[in-house]
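1. Sharing a model that was predicted from the sequence below.
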Amino acid sequence: MNRRTVLGFAATSALAGLAGCIEGVKEHFGLQGVIPVEIQSEADETQNILLESRERESGRQSYEQSYSVTPGETVSAPHLDQTEQSFRVAKIENETEATVRAVSVTPDTDLVKILLYDDDLVVEVRRDDGEDEIADGEDGDGDGNETAGNGNQTDPDATGNETAANETDADE
């Protein structure tokens with residue numbers, strides 16, 4: 001046997017032996033995957049935003065970042081942990097939260113993308129199962145799909161349908 005064959009066999013054997021250990025090491029030390037967060041400004045003016053996230057089980061705040069994003073700029077924010085959490089984006093105007101969007105982040109989330117406009121804010125959650133979630137001002141009530149207090153998300157379709165029904169009743 002030549003030296004290359006022996007070294008190749010040794011390397012392959014070592015990698016095969018470690019293959020099962022990697023998941024155990026990740027679990028033991030609490031290492032988790034990460035979810036990238038991307039902020040893109042389509043606005044004509046600088047936009048100030050606040051990003052917050054809370055773990056679903058404990059309610060513990062797990063993420064808080066604030067940014068001032070200039071027109072045409074794309075920012076890569078620090079990654080989120082790949083856990084069940086409520087993620088909230090608030091657009092700050094005159095030191096108050098003017099527009100707020102809330103979405104759910106799960107372990108199967110691949111990307112959280114935030115799009116900033118002069119008069120709106122859109123948060124898109126892309127998942128590997130194809131069940132993407134988009135929070136925008138299209139539900140008609142202007143509240144950004146967020147409920148006050150508990151941080152849970154309302155059903156965007158239900159909110160939109162209630163608004164549509166109220167508008168229809170008012171037209172009659």
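-> Received, thanks. Residues are numbered from 1 along each chain as shown.
2. Give me the nearest residue to A135, chain neighbours excluded.
-> R101 (4.0 Å; CB to CB, 6 or more residues apart in numbering). No exception for glycine: its C-beta is placed from N, CA and C like everyone else's.
3. go on, K113?
-> Leaving aside its chain neighbours, K113 sits nearest to E124 (4.5 Å; criterion: CB to CB, 6+ apart).
4. Now do the contacts for T74.
-> Contact analysis of T74 by CB atoms under 8 Å, 6 or more residues apart in numbering lists E38, I39, Q40, S41.
5. Can you get me a residue count around the residue nearest to A135?
-> Other residues near R101 number 25, with proximity taken as other CB atoms under 10 Å.
6. So what pairs up with it in the strands?
-> V89 (DSSP bridges).
7. repeat for the one 4 residues further on
-> As for beta bridges, V105 partners with Q85 under DSSP bridges.
8. how much space between it and Q65?
-> Applying CB to CB, to the nearest Å, the value for V105 to Q65 is 14 Å.
9. quick one, which of the two is more surrounded?
-> V105 (25 against 14).
10. That one and F87 touch, don't they?
-> Yes - if you go by CB atoms under 8 Å, V105 and F87 touch, sitting 4.8 Å apart.
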